[in-house]
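K.L.:
make a model of this:
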Amino acid sequence: MTRTKERLLALDVGERRIGVALADSEIRFPVPIRTIQVDGSEVEQIKSIIREHSIDHLVIGLPRNQQGEETKQSAYVRQFASLLSGIEAALHFQDESLTSVLAEQILRGQKKPYTKEDIDAYAASIILGDYLELHYAK
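P.N.:
Residues are numbered from 1 along each chain as shown. You can find the predicted model right below:
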């Protein structure tokens with residue numbers, strides 16, 4: 001049985017910025033594409049990206065504490081996700097534990113200047129990579 005190619009978008013949702021990454025189910029290589037500032041237009045910007053890239057699956061990083069339990073930030077992310085109701089893409093949550101730390105380590109290892117926005121976009125790509133590994137591994 002051959003699986004059809006699907007387009008996936010991941011979000012690393014924060015209160016100031018949202019990292020965004022893109023991948024497809026065939027290549028399975030997540031790419032950080034941008035960071036959206038939380039300024040009241042973020043939901044429309046995300047919906048626009050979903051339409052522009054014909055996204056099939058939206059993956060949102062869900063924070064958890066060290067015991068694996070949801071936190072106050074998890075509730076914020078779930079509330080934000082509810083604002084995206086009505087999108088054409090299927091919505092999924094993916095554990096995002098330590099993705100920002102890992103993203104910063106990767107960027108630091110490149111020995112080039114980077115910003116908090118870069119960290120957020122890379123964190124989204126790690127979230128998406130983890131999701132792809134769980135759901136699309138051969």
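K.L.:
show me what the helix-or-strand element of the chain with minimal mean pLDDT is packed against.
P.N.:
Least confident helix or strand of the chain, by mean pLDDT, DSSP states H and E, is helix 99-109 with a mean of 92. If you count contacts as 3 or more Cβ pairs under 8 Å, 6 or more residues apart in numbering; DSSP states H and E, helix 99-109 packs onto helix 116-136. Where you see a C-beta, it was placed from the backbone N, CA and C, and this is true even at glycine.
K.L.:
okay, buried residues for the helix it packs on please.
P.N.:
117-132 (16 or more other Cβ atoms under 10 Å).
K.L.:
ok, stretch 29-42 next?
P.N.:
P30, P32, I33, T35, I36, E42.
K.L.:
what about that stretch, start to end distance?
P.N.:
25 Å (Cα to Cα, to the nearest Å).
K.L.:
coming back round to it: which parts of the least confident helix or strand of the chain are buried?
P.N.:
T99, S100, A103, E104, I106, L107.
K.L.:
where does pLDDT dip in the chain?
P.N.:
Applying pLDDT under 70 to the chain flags residues 1-3, 138.
K.L.:
try 50
P.N.:
Where the chain drops to pLDDT under 50, the residues are 1.
K.L.:
in it, which spans are helices?
P.N.:
42-52, 72-82, 99-109, 116-136 (DSSP state H).
K.L.:
including distance to G14, could these go into JSON lines?
P.N.:
Below are the helices of the chain laid out as JSON lines (distance: least, Cβ to Cβ, whole Å):
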{"stretch": "helix 42-52", "distance to G14": "10"}
{"stretch": "helix 72-82", "distance to G14": "9"}
{"stretch": "helix 99-109", "distance to G14": "9"}
{"stretch": "helix 116-136", "distance to G14": "6"}
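K.L.:
contacting residues around Q110?
P.N.:
Contact analysis of Q110 by Cβ atoms under 8 Å, 6 or more residues apart in numbering lists nothing.
K.L.:
could you measure from it over to L134?
P.N.:
26 Å (Cβ to Cβ, to the nearest Å).
K.L.:
equivalent analysis for H53, please.
P.N.:
According to Cβ to Cβ, H53 and L134 sit 21 Å apart.
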